[in-house]
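K.L.:
could you work out the structure for the sequence below:
(4 chains)
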Amino acid sequence: MSFPLLTATAALPAIGAIATAAVPAARRTAAKWLALLVSLATLALAIIVLVRFDPDGARYQLTESHAWIADFGVRYELGVDGIGVALLALTALLIPFIILAGWHDADPLETGSKRWRPTQGFFALILAVEAMVIISFEATDVFLFYIFFEAMLIPMYFLIGGFGDRAHAGSDEKAAAQRSYAAVKFLLYNLVGGLIMLAAVIGLYVVAGNFSLQEIAEARANGSLDMATNTERWLFLGFFFAFAVKAPLWPLHTWLPNAMGEATAPVAVLITAVVDKVGTFAMLRFCLQLFPEASKWATPAILVLAVISIIYGALLAVGQRDIKRLVAYASISHFGFIIMGIFAMTSQGQSGATLYMVNHGISTAALMLVAGFLISRRGSRLIADYGGVQKVAPVLAGTFLIGGLATLSLPGLAPFVSEFLVLVGTFARYPVIGIIATFGIVLAALYTLVLYQRTMTGPVKPEVSAMPDLRARELLVVAPLVVLLIFLGVYPKPVTDIVNPAVKSTMSDVHKKDPKPEVEAAK
Amino acid sequence: MNPVNYLYLAALLFTIGATGVLIRRNAIVVFMCIELMLNACNLAFVAFSRMHGNLDGQIIAFFTMVVAAAEVVVGLAIIVSLFRSRHSASVDDASLMKL
Amino acid sequence: MSAVAVHSLWTTAADPISKIDAPKIEYGQLSPTLIILGAAIIGVLVEAFVPRKSRYYAQLFVSVVALCAAFAAVVALASDGYATTKAGIAAMGAIAVDGPALFLQGTILLAGLVGLFTFAERRLDPETHGNRVDSFAAQAASVPGSDSEKAAVKAGFTTTEVFPLLLFAVAGMLIFPAANDLLTLFVALEVFSLPLYLLCALARRKRLMSQEAAVKYFLLGSFASAFTLFGIALLYGYAGSVSYGTIAKVVDGTITTVDPALVDTMGNDALLLIGAAMIVMGLLFKVGAVPFHMWTPDVYQGAPTPVTGFMAAATKVAAFGALLRLLYVVLPGLRWDWRPVMWAVAIVTMLGGAIVAITQTDIKRLLAYSSIAHAGFILAGVIATTPDGVSSVLFYLAAYSFVTIGAFAVVTLVRDAGGEATHLSKWAGLGRRSPLVAAVFAVFLLAFAGIPLTSGFAGKFAVFKAAAEGGAAPLVVVGVISSAIAAFFYIRVIVLMFFSEPRPEGPTVAVPSPLTMTAIGVGVAVTLVLGVAPQYFLDLANQAGVFVR
Amino acid sequence: MENLIALLIAAPLLGAAVLLTGGRRLDAVGHWIGTILAAVSFVFGAILFADLLGKNAEDRTLIQHLWTWIPVEGFQADVTFRLDQLSMTFVLLITGVGSLIHLYSIGYMEHDERRRRFFGYLNLFLAAMLLLVLADNYLLLYVGWEGVGLASYLLIGFWQHKPSAATAAKKAFLVNRVGDMGLSIAIMLMFTTFGTFAFGPVLGSHEKPGLVEGASEATLTGIALMLLLAACGKSAQVPLQSWLGDAMEGPTPVSALIHAATMVTAGVYLIVRSANIFNLAPDAQLVVTVVGGVTLLFGAIVGCAKDDIKKALAGSTMSQIGYMVLAAGLGPIGYVFAIMHLVTHGFFKAGLFLGAGSVMHGMNDEVDMRKYGGLRKYMPVTFVTFGLGYLAIIGFPGLSGFFSKDKIIEAAFAKGGTEGWILGGVALLGAAITAFYMTRVMLMTFFGEKRWQPDAEGHEPHPHESPKSMTIPMIVLAFGSVFAGGFFSIGDRFLHWLEPVTGHSHGDSPVSALTVTLATMVVLVIGVAIAYAQYGRRPVPVVAPRGSLLTRAARRDLLQDDFNHVVLVRGGEHLTRSLVYVDHTLVDGVVNGTAASVGGLSGRMRKLQNGYARSYAVSMFGGAAILVAATLLMRAV
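P.N.:
Residues are numbered from 1 along each chain as shown, chains lettered A, B, ... in the order given. Presented below is the predicted three-dimensional model:
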């Protein structure tokens, strides 16, 4: 029985959350530092996991398995494959930045009772989310996964609803109403998805008799467990629906703009860069492995939805007046790419999708956090309220531009690699879909550059004329992300090496081979 | 004569009682209707007991009476207290809580 | 009928009965019930003889001791194997001592104990004339607002009768799920109903509503029990016996001794079906299933909150226990007749409860409707008609009862000038004022909503799983849909507590005595334990999942 | 030796990194750092060039593999550089002209407080452009391709405070993105067809083509057309030419380097590089020639109507690149001459732009030629250099343009058949128009009497010669524009140099080379004469006359922008607006509607709870009745 590394990685932030919540009201700053240190420690653990993980080793590594609820056929089973490790690392990496970026977002405005501790709550909740996300990346037991997939909604819900944007901080009733609307919408949307998945989970148990991903996948593979076609399809749909809501896939996306618009920038990043990844990750891990046939059956429909997401999200991003909502719709477009890559059922597509999850996390974080800094300076989310910022705050503008260029996946920055892989992977099997999706890159350029032009260039608006440039803390948040974007853009090998084997085995799960090129290289 | 007829009677009484509960306003009367229903049950018990030729039914009838008596005790207490505080025994007046 | 027949009847009746062998009572196996009943009677005596000042303490002492002793007895019996191997019928076939009975009795006793704590709480209301007061009327007999009431309050009267009443109710509830013949069933029903009727009428504040609740509960309750009784009569007529075992045999036609009278009644299925339906209806009334639910909101709202909590928890447990036994022991042969009907009932109950709850504005009514919805979920498990179904229901009941009592206990804490502030608008911003209470209540709400890592989720999962395995997949789908709807209004309350600005004239949160604290604490503990590590209790429920015939 | 290739790119990249992250403390020396690093890169280029000359023709290809970029199952992209004669030519052009323009910018941007940043961007551009021409596979080329796009975006919009500049930058990037879309689709097609997109395996060499031979013509045509789309975007060919005119919002050195000499010619590079694909896709080639021909005229016509000196030159750039594309479309006959014209054009067009910049520098950034006049007295050096560039571009015998353009016209005729006649005719006509509008520019700027007045602030411009740092590059470029063509053509040096890569074939022209040359001369004279008649003989009105319909259309880029505006911009706005509406009302509305309807249902069901015990009893009774009935019914059925 070796040291339970994976459990520790998840448990550390959980404990940290409790500890942070327990910090007395007066010692606000202490809570912040505690949270930051915990997240850094988690990052350290994640790195250890990364190091201990052997890409060419067994499919699931660092596994742990303990009896839990025998009665439900549930075991406490953890294990990571390449995909899981990559996303785990991403999560652990982003949280410190999120915490650092949200340093002042939760300083109490109005004095409630002396026991009211928003700051502690804020950081505790972030850590709680981290713990749950991490464990859902590690879980190889469907039920275990489901539990945290659902449970993470609650802290997220409080983060969205409880800690509004400083843009409309204070007692502005309307803002408060919008905020709780967004929070409720987020929760109900995902809860409905989750509950429908619950039905499917139960169904899976009735069919399979246990929840162990490996066992079921094995049994499916060697045919000892055969589902009736319709059963499999229903179960698949049950699972997929929940993931599609979380991801989010058109037309189940409308909660995201509200949530990201109303939440503070760091929380918005938490939603789109971390939590939503669980959805796409789960498609790759659970939908494809548990229901390969049904997945193939549903592929055309899903691809169409994905393409719609890509174009639709981009077009709506163009039409937004609100910076954060714009980023939200951009994310919808990007999630379209990810899902398309997953269901293209080619190695390039799936590797690309996984890479995309990581890159999108980083790029959105960069863009959104800078946007957050911008918004916190001017106290408005409306694009129209800005102009000429580039002149007064060049560094801010520069980082914002880089974030934007990453969002439009400029070659040389990380997202390009993944986006191109997804496109090429899709094109290889579904040329038309691939070509339509390619229009997305033009639209991406459109909304990004329009955003940049309207906010950063042109004559300096009087309201922004006194705007300070990025402060040290903020620079500390953005700079590493930018570096990472460039590094992974020119040298993504470290990630792909981890991901490829996992993708290969996923491909074999769905019994799919890559299409051969028309003209064989004469070797 | 055929004990089945007693059953019909019992059913009839029961229905009358139930109808009374549904249409009468005065709590006391409603309550009496319920008693009527209970007694209809008793009649049924006795009749069945006669048909099966065992005594269970008759014994049950006695239990029922006792229970009915107990209900009377509790019920009247409640109804009276309601009446005293509202000066009305109409069940329709007692409708503070709704929706 | 012919004269001969009449004569024969007379003669048989007139025959001197040679000897009646004295009934054999297994006191040991009945001890839990007997202890409670005994304590209840002692309680009555206490009321009669102990000076008023010290009654409260005496009663509290007696009740606590009795409940603990009874629980100990239950545990002893269970560990002695009566839950599994030695399970049997006691008291001349009147009472079954088996797994479900003991499990539910244990649950009821614990619920009763926790409920008792909330009954005994006297720190919440401000002291009047230097006397600590609890949530019950100083003198139930005195007209609200009258001089006599004022006098009673001044004199510091308290209705300590609530304790014996509670005990009587508990006793009835103990028998109810264990009853092994219809007569016992009926008697037990009345034994626990009547005290509850009274308890509902005893609120200290808002007495008019309290009395109204009592009247409604009483009239409708006895109306329902009249139906039950008639149903019993019909079943008796059908099977010529009220003993579960015999009826079951007659129903599935495995009976050995058939006399001519039985032959022609047996042939008459109408008796059986109508009778069964009516009995089931009586039980559905008690669990508050649609369309027999309409008393629930009014009574829950009007009754003193501690009573509501106790009632909501324990009554459900007892009633579902009885329902299970009836359907699994008496009417298994009739499964194909009652299952579809129960399906319908379960569906309308789940949806109806959830939907109507959305627009409620009073926290107690809200919880009432949520309890209706939960009744629907449990019914889904009942319908499974598998051993899993039984154990899942048992588990659900155990989980649910503590959450409920805890939730209502929290409700008692939030007060303003007019007593408990039950209108939702008053709960706005509670999270800002007293985060801890709000957080605890949020935990309960999440458990109600069935969010993972709470007992609510484990229970819901168990029940739905059983239902799915029992071939009731559509029920599961309806179930998840209605829990989605239900989630909405639980969330609404949370939003209200945490995200809306506190009202300046908002309510205060009273600091309770250790009694209520224990009640709430137990609630939270059970909620989390059953949510995170339910295995042990599931095992218990599984062992307890078999009925004795 | 091949290890030097990476350094070619590394030097300016380093410069960009340092200058852009360096912060204010580098303001003092920033421009020198930038210039020196550009020069360093040029030196490396020269060394490599010498090395290549040392080898014999067929093994003049250096490959440098750095690292594996994207390794995925069945998909491999490497960071590998290929230096052959073709890319070498570009390297020298880019670093050479680039260095000169860096030097020029030192003076030109002297008074701009963001000069350091400007040089950072310039270096960034050099790095990207070099990556573009040195990449050994299409994906890496794509990186450079969009890299130059980014640099051009940043430089066009360098004066961001001017909304016009910001808009122009955005427009340039977007139009290029459309082209890039073509490139990425082309790459995807290659991947699915060949399983790779590296030059070596796919293209092979011109005598021994690679995998392309195995592919169907349809596929190849598809790939070729997609590549052409990319080229159109980058090289401002019809229909994606609209951005180039606006791009003149950028500082003049930028226009000279990026939008005249180097970046805009990348499209030609792409086509010539992919020669083996186009050779096997004749239909695509035809399209290429058509695009080239159309743009040739389009640009020329636009160039005639513009009064803004830079816009006029921009039009001319389009038209000249049209020549190159036309040549590239002709296949092996034309590739070499396309590149040759590209190089010579690099010299004289850069020179012309620098001259224009120098003029503006002396005229308070006045760009309207109608407000110039008679400047030859005030800025002699500029006048001479500009004049030489002018002679070169119109193809004055003996100067660079003469050789390169002449060859192209000849090749066009050599295409044979009606196509040949048409293309040749177009090329000739283009030559005439070129002569016309360039003469016009020349006359309006340097001849006639002075027409300038005080500007808005009321101070009279004092035209003066520019500082050395600006004039030196102009002089050097003037030399290039005079002698390059001759140097290349004498003994077909350039042809032999490039042939191993592009291959070459002599089409049999229906008309002899001499005839073509004479014809060119004739049209040249005609063009000049008309221009002189119009702008030399009588004074140029300061306010532009209304002009003919064609003139007015040409002033507005032949209404192409208006078309874009109406169809794309307006249409797009309406589309997005309506989609926003749809998203809010329909997609979201369904969800909220469901919630609302459930709420309403709840409200109605609530009414049943009317507080009357008796109605509760009724429901119970009814329930019981239903229960009984249902149970009986179950048995009945």
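K.L.:
is there a neighbour count for whatever residue of the stretch 351-500 of chain A ends up closest to chain B? I'd like the number.
P.N.:
For the stretch 351-500 of chain A, the residue closest to chain B is A:Arg381, as judged by Cβ to the nearest Cβ, at 40.6 Å. Just so you know, the C-beta spots here come from the backbone N, C-alpha and C atoms, and that holds for glycine as well. Residues lying near A:Arg381 (other Cβ atoms under 10 Å in any protein chain shown) number 24.
K.L.:
read off the pLDDT value for it.
P.N.:
Looking at A:Arg381, its pLDDT reads 87.
K.L.:
ok, D:His102 next?
P.N.:
For D:His102, the predicted pLDDT is 92.
K.L.:
immediately after the strand or helix carrying it, which helix or strand?
P.N.:
Taking DSSP states H and E as the criterion, D:His102 maps to helix D:85-108. Next helix or strand after helix D:85-108 toward the C-terminus (DSSP H and E): helix D:115-134.
K.L.:
any idea how far that next one is from the chain center?
P.N.:
Here helix D:115-134 shows a centroid-to-chain-centroid distance of 15 Å under the convention Cα atoms, centre = their mean, to the nearest Å.
K.L.:
packing partners for it?
P.N.:
Secondary structure elements in contact with helix D:115-134, counted by 3 or more Cβ pairs under 8 Å, 6 or more residues apart in numbering or on different chains; DSSP states H and E, are helix D:3-22, helix D:30-54, strand D:75-83, helix D:85-108, helix D:138-156, helix D:266-273.
K.L.:
could you dump the ones you listed to JSON lines with mean neighbour count?
P.N.:
Listed next are the helices and strands packed on helix D:115-134 as JSON lines, based on neighbours: other Cβ atoms under 10 Å in any protein chain shown:
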{"stretch": "helix D:3-22", "mean neighbour count": "20"}
{"stretch": "helix D:30-54", "mean neighbour count": "19"}
{"stretch": "strand D:75-83", "mean neighbour count": "22"}
{"stretch": "helix D:85-108", "mean neighbour count": "25"}
{"stretch": "helix D:138-156", "mean neighbour count": "26"}
{"stretch": "helix D:266-273", "mean neighbour count": "26"}
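K.L.:
please identify which of the ones you listed is closest to C:Ala398.
P.N.:
strand D:75-83 (56.8 Å; Cβ to Cβ).
K.L.:
residue 94: what's it in contact with?
P.N.:
In the absence of a named chain, chain A is used. For A:Leu94, the contact set (Cβ atoms under 8 Å, 6 or more residues apart in numbering or on different chains) comprises A:Val269, A:Leu270, A:Ala273, A:Val274, A:Gly361, A:Ile362, A:Ala365.
K.L.:
sorry, I should have been clearer: chain B.
P.N.:
If you count contacts by Cβ under 8 Å, 6+ apart, B:Ala94 has them with B:Leu82, B:Arg86, C:Gln211, C:Glu212, C:Val215, C:Lys216, D:Ala613.
K.L.:
got the phi and psi for it?
P.N.:
Torsion angles at B:Ala94 (phi, psi; degrees, to the nearest 10) stand at phi -80, psi 80.
K.L.:
ok, and does stretch D:628-637 reach over to chain B?
P.N.:
No: for stretch D:628-637, no contact with chain B is found by Cβ under 8 Å from any Cβ of the partner chain; the gap never falls below 12.1 Å.
K.L.:
what's in contact with stretch D:469-476?
P.N.:
For stretch D:469-476, the external contacting residues (Cβ under 8 Å, 6+ apart) are D:100-101, D:103-104, D:106-108, D:351, D:354-355, D:357-358, D:361, D:381-382, D:385-386, D:465.
K.L.:
report the helix or strand with the lowest average pLDDT across chain A.
P.N.:
The weakest-scoring helix or strand in chain A, judged by mean pLDDT, DSSP states H and E, is helix A:213-221 (a mean of 84).
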